[in-house]
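# Sequence first, predicted coordinates after that:
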Number of protein chains: 2
Amino acid sequence: MATPESSKPHASAPRYELLTLGDELLLGLTANGHLTFIGQELGRRGVLLQRNVTITDEADAIAAQFRESWSKADVVITTGGLGPTCDDRTREVLAQALGQQLVLDPGIEQTIADRFARINRKMTPNNLKQAYRFKLGAVLPNANGTAPGLWVEQDGKVLIMLPGPPNEMQPMFTEQVLPRLAALGLLREGEAYVQLRTAGVGESMLETRFQPIFDRWPGLGIAYCAHQWQVDCRISSPDGRYPMTALRALAGECTALLGDDFVCYGHDSLAQVVADQLRQAGRTLAVAESCTGGLLANSFTDICGASKFFQGGIVSYSNDAKMLLLDCPECLLSQHGAVSPECAVAMATGVAEQLGADFGVAITGFAGPTGGNGENPVGTIYIGLHAPGGAWSRKLSYPGPRCAVKQRSVTAAIDWLRRDIMREARKVAAPLAN
Amino acid sequence: MATPESSKPHASAPRYELLTLGDELLLGLTANGHLTFIGQELGRRGVLLQRNVTITDEADAIAAQFRESWSKADVVITTGGLGPTCDDRTREVLAQALGQQLVLDPGIEQTIADRFARINRKMTPNNLKQAYRFKLGAVLPNANGTAPGLWVEQDGKVLIMLPGPPNEMQPMFTEQVLPRLAALGLLREGEAYVQLRTAGVGESMLETRFQPIFDRWPGLGIAYCAHQWQVDCRISSPDGRYPMTALRALAGECTALLGDDFVCYGHDSLAQVVADQLRQAGRTLAVAESCTGGLLANSFTDICGASKFFQGGIVSYSNDAKMLLLDCPECLLSQHGAVSPECAVAMATGVAEQLGADFGVAITGFAGPTGGNGENPVGTIYIGLHAPGGAWSRKLSYPGPRCAVKQRSVTAAIDWLRRDIMREARKVAAPLAN
């Protein structure tokens, strides 16, 4: 077990709280991406957000929660409730809580009017609400929307009010908020932890493998995080007794234990890691999907510069599409069915040949909740891999909801490709040893 | 403006709080999908979750927050911290806070051992932690993982502890937690609001259009929510003065104002709405994607039964792929380029013809952050639509981060398809009027 101290912040570390406002969050109509984004940005800079509270749009609830957070925290960040409609109350409620006046800012008003003119929409009177700022405070201009952010320093603390839409909030946070916080000394310098990203090992097995190493380092901060069927292990030194160089050496010892189960340091996605491998090796990829229906292709095309290695993909939902676009033989489909190892290999080879790619990855299966048969129930997935060294398939079984089966199949397919590229690279590097 | 009462819960409504535990949430390593899921499930049953607090894994923080929430709420739900590793502390901390003993449950232990045997992994000793339950409380079996949920009734309140992995928590919540809460009378019967989903209208414009109607209904609860470039409007009667039939009639008045900007009542995605339209009309769809790289296909294949209408998709990232798989003429590509109205139409028609579909939708553009040219900067998207009534293209301009451009382009493409199917249906219904 980690020592109780291991997750406590420095005595001197400022306390950050995030208030995310909006009934739409509490009703699950929209995901709380603000926590994910702000938590990650702060975490990378050595700040562990201490609390995130999501409350209703009700004025009393906002005021009560803000007072409590303001009394405890050094920095309070709010998101949402700055918009033009009647359920947007943050600006007014927080001004009252801090005893501040709101003043109409003609500069903001003009910017909003200009924005409406540019996108050729009529500015309705309720938009004027957004042109008010705290009398004692700064304005954080919003390049991507109407409501600017607001920055207030008072009582030796900082209040930062940010708009709700992520495409407005995120650039405002990285470009304006982080530099201001750093200038006030409220963010620690440099990275504060080493993260190992792994695949193919469960959380408890990973802890069991690592613990003998960690036992030699008293006071280490260790956190495991399982997500998307991968496990991350984050290593830090909460009381600062180990420098980053020592943590990196320790992490190196852990990765040596892991072999190919080690994916990368940091936060890169599996698809990003494979993209880097492919670009480095000058290899190209094409994908064929049945049950994952575009999610595999989408994982790669989320990466900027994907066109350097990604030739394209085929979503062959019907048997006709498999024959027509992937050259899957009709007799193969009728003998073995579309959910079979034979079809997975034929799809992988077919898409690689059609698109002239070095690697072809195919996924076929029953994502559910309907479909499936005795031999291959819902959740049965076959992955096909066509590589320079040969073509194979693998059977997987992932019972679960449709979208989870899709995501898990994609993760497994990308991880298999990653391991094969590494295996191939080792062969090239040491041909006699293999 | 809505009256201040409009978002207050019934005096008699039970207060729900959700505590989501885990440094990984606060560090943004994983998204807080629990809030989205639980908030939505409760919201549909008439409960507005009053607060969601995310705190660190630290024992003191968990204990302090739990005591505060327990003193205020009628139902406290926790997620996370039930796993096998040293940063999983929920069970132990909450037992202490409630003065309860933890007892080893041989039934849970056996279930965990069986599960490990079934997936052919070795059970490590730290897994035993998960076999402890509250002495006075029930166990919520976990069909999809090792840690069961725990249910405790004490002090006239309910504490529900759920595991962190969504595929474990979600079925446990719908299949076990909701029925138990309903049996205790802690969920209101039936739906509690009417939601209108719209597309193509901004939030402030929507409020401006609706307000004259809402002004005639004092005490209405109105909430707007903009997400994925759509706006939802939720209409409720917080003090219960209007029955659901009245709210539905009011909503009907609103939708009549909206025309084709009205998408649906409730929570269906645009893709789901289009899927229903296509199935109803007996029409089929195929998609061709360049910059959205599989996201459009994925939106449709997330729908169960997509194979009924979705023929397949082609992710043609390279010009070669556009020529080879979509029959885009080489001269067209060299004259107009791949990001052009001509190419969008050729791709839409090409994919519809290749896959024998009634509708073909194509997206081509510069998702950024690199690429683009003077005439077509980053964020320029062309959508092509091949329909029974003809083939057209549209130019869109969405500056923003890559993934946002992809998502927004997909939303616009699906919405255009939706409007065209409606237009076609009206033509069939009233051929002389069009």
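Great, that's in hand.

# separation between A:Asn298 and B:Leu396?
Distance of A:Asn298 to B:Leu396, computed by CB to CB, to the nearest Å: 19 Å. Heads up, the C-betas are built off the backbone N, CA and C, glycines and all.

# And those two? Which one has more around it.
More neighbours surround A:Asn298 than the other of A:Asn298 and B:Leu396, with 28 against 17 (other CB atoms under 10 Å in any protein chain shown).

# Next, the contact list for the residue lying closest to that one once chain neighbours are set aside, please.
Distance criterion CB to CB, 6 or more residues apart in numbering or on different chains; nearest residue to A:Asn298, sequence neighbours excluded, is B:Gly294 at 3.7 Å. By CB atoms under 8 Å, 6 or more residues apart in numbering or on different chains, the residues touching B:Gly294 are A:Glu289, A:Gly294, A:Leu295, A:Leu296, A:Ala297, A:Asn298, A:Ser299, A:Thr301, A:Gly313, A:Val315, B:Gly313, B:Val315.

# Check whether stretch A:16-24 comes into contact with chain B.
Yes - applying CB under 8 Å from any CB of the partner chain, one finds stretch A:16-24 in contact with chain B at A:Gly22, A:Asp23, A:Glu24.

# Now do the buried residues in that stretch.
A:Tyr16, A:Glu17, A:Leu18, A:Leu19, A:Thr20, A:Leu21, A:Gly22, A:Asp23, A:Glu24 (16 or more other CB atoms under 10 Å in any protein chain shown).

# ok, residues contacting it?
By CB under 8 Å, 6+ apart, stretch A:16-24 touches A:30, A:32, A:34-35, A:38-39, A:42, A:47, A:49-57, A:62, A:65-66, A:69, A:72-81, A:87, A:90, A:164, B:7, B:48, B:223, B:225, B:227, B:232.

# In strands only, show me those.
A:51-55, A:75-79, B:223, B:225, B:227, B:232 (DSSP state E).

# Going along the chain, name the helices of the stretch 251-400 of chain A.
Remark: helices assigned in the stretch 251-400 of chain A by DSSP state H, counting those that start in this stretch are A:270-281, A:295-301, A:319-326, A:330-336, A:341-355.

# Now distance to B:Phe359 and pLDDT too, for the buried residues of stretch A:16-24, in JSON lines please.
Below are those laid out as JSON lines (distance: CB to CB, whole Å; pLDDT from 0 to 100):
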{"residue": "A:Tyr16", "distance to B:Phe359": "49", "pLDDT": "97"}
{"residue": "A:Glu17", "distance to B:Phe359": "49", "pLDDT": "98"}
{"residue": "A:Leu18", "distance to B:Phe359": "44", "pLDDT": "98"}
{"residue": "A:Leu19", "distance to B:Phe359": "45", "pLDDT": "97"}
{"residue": "A:Thr20", "distance to B:Phe359": "39", "pLDDT": "96"}
{"residue": "A:Leu21", "distance to B:Phe359": "41", "pLDDT": "93"}
{"residue": "A:Gly22", "distance to B:Phe359": "36", "pLDDT": "86"}
{"residue": "A:Asp23", "distance to B:Phe359": "37", "pLDDT": "85"}
{"residue": "A:Glu24", "distance to B:Phe359": "32", "pLDDT": "82"}
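
# of those, closest to chain B?
Among the buried residues of stretch A:16-24, A:Glu24 lies closest to chain B (CB to the nearest CB), at 3.8 Å.

# Am I right that that closest one is in a strand?
No - counting by DSSP: H, G, I helix; E, B strand; the rest coil, A:Glu24 is not found in a strand; it is helix.

# Just confirm A:Val194 is within a helix.
No - per three-state DSSP, A:Val194 lies outside any helix segment and is strand.

# give me the number of residues near it?
21.

# Distance of it relative to chain B?
Distance, A:Val194 to chain B, using CB to the nearest CB, to the nearest Å: 13 Å.

# Show me what that residue bridges to in the sheet.
Beta-bridge partners for A:Val194, by DSSP bridges, are A:Ile235.

# Looks like it contacts A:Ala251 (just checking).
Yes - between A:Val194 and A:Ala251 there is a contact under CB atoms under 8 Å: 4.4 Å.

# anything in contact with each of the two?
Both A:Val194 and A:Ala251 are contacted by A:Ile235, A:Tyr265, under the criterion CB under 8 Å, 6+ apart.

# returning to what we had before: tell me which two of the contacts of B:Gly294 sit farthest apart.
Across these, the longest distance by CB to CB is 14.9 Å; it joins A:Ser299 and B:Gly313.

# among the contacts of stretch A:16-24, which ones are buried?
In those, burial by neighbour count holds for A:30, A:32, A:34-35, A:38-39, A:42, A:47, A:49-57, A:62, A:65-66, A:69, A:73-81, A:87, A:90, A:164, B:7, B:48, B:223, B:225, B:232, counting by 16+ other CB under 10 Å.

# tell me what the helix or strand bottoming out on mean pLDDT in chain A is packed against?
Ranked by mean pLDDT, DSSP states H and E, the helix or strand of chain A with the weakest confidence is strand A:221-227, at a mean of 83. Secondary-structure packing of strand A:221-227 (3 or more CB pairs under 8 Å, 6 or more residues apart in numbering or on different chains; DSSP states H and E): helix A:203-214, strand A:230-236, helix B:23-26.

# any chance of the ones you listed in CSV, with distance to A:Val345 too?
Listed next are those as CSV, based on distance: least, CB to CB, whole Å:
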stretch, distance to A:Val345
helix A:203-214, 31
strand A:230-236, 26
helix B:23-26, 37
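
# State which helix of chain A is the longest.
Looking across chain A with DSSP state H, the single longest helix is helix A:402-429.

# Briefly note if that helix comes near chain B.
Yes - taking CB under 8 Å from any CB as the criterion, helix A:402-429 and chain B are in contact, through A:Arg402, A:Cys403, A:Ala404, A:Lys406.

# Quick one: distance of that helix to the chain centre.
Here the centre of helix A:402-429 is set off from its chain's centre by 19 Å, with CA atoms, centre = their mean, to the nearest Å.

# Please point out which parts of that helix sit buried.
Buried residues in helix A:402-429, counting neighbours by 16+ other CB under 10 Å, are found at A:402-421, A:424.

# Please work out which of the helices and strands packed on strand A:221-227 is packed deepest.
Comparing the helices and strands packed on strand A:221-227 by mean neighbour count (mean count of other CB atoms under 10 Å in any protein chain shown), helix B:23-26 comes out on top with a mean of 26.

# Alpha carbons only: can I get that helix in PDB?
In PDB, the C-alpha atoms belonging to helix B:23-26 read as follows (Å, rounded to 0.1, in the frame of the first residue of the first chain):
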ATOM      1  CA  ASP B  23      -7.500  11.100  -9.200                       C
ATOM      2  CA  GLU B  24      -7.800   9.900 -12.800                       C
ATOM      3  CA  LEU B  25     -11.000  11.900 -13.200                       C
ATOM      4  CA  LEU B  26      -9.400  15.000 -11.700                       C
END
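
# so who does the residue of the stretch 301-434 of chain A found nearest chain B touch?
Of all residues in the stretch 301-434 of chain A, A:Thr301 sits closest to chain B, at 2.4 Å by CB to the nearest CB. Contacts for A:Thr301 (CB under 8 Å, 6+ apart) come out as A:Phe310, B:Cys291, B:Thr292, B:Gly293, B:Gly294, B:Leu295, B:Val315, B:Tyr317, B:Lys406.

# thinking the third one is in contact with B:Ser409, fair?
Yes - if you go by CB under 8 Å, B:Thr292 and B:Ser409 touch, sitting 5.5 Å apart.

# Please enumerate the shared neighbours of the two.
Joint contacts of B:Thr292 and B:Ser409 (CB under 8 Å, 6+ apart) are B:Ile363, B:Ala367.

# So which elements touch the longest helix of chain A?
In terms of contacts (3+ CB pairs under 8 Å, 6+ apart), helix A:402-429 is packed against strand A:193-199, helix A:270-281, helix A:295-301, strand A:359-365, strand A:380-387, strand A:390-397.

# that older thread, ok, A:Ser299 and B:Gly313, which is more surrounded?
A count of neighbours by other CB under 10 Å puts B:Gly313 above the other of A:Ser299 and B:Gly313, at 33 against 26.

# Tell me the spatial nearest neighbour of A:Asp260, not counting adjacent residues.
Excluding the flanking residues, the one nearest A:Asp260 by CB to CB, 6+ apart is A:Arg419, at 5.3 Å.
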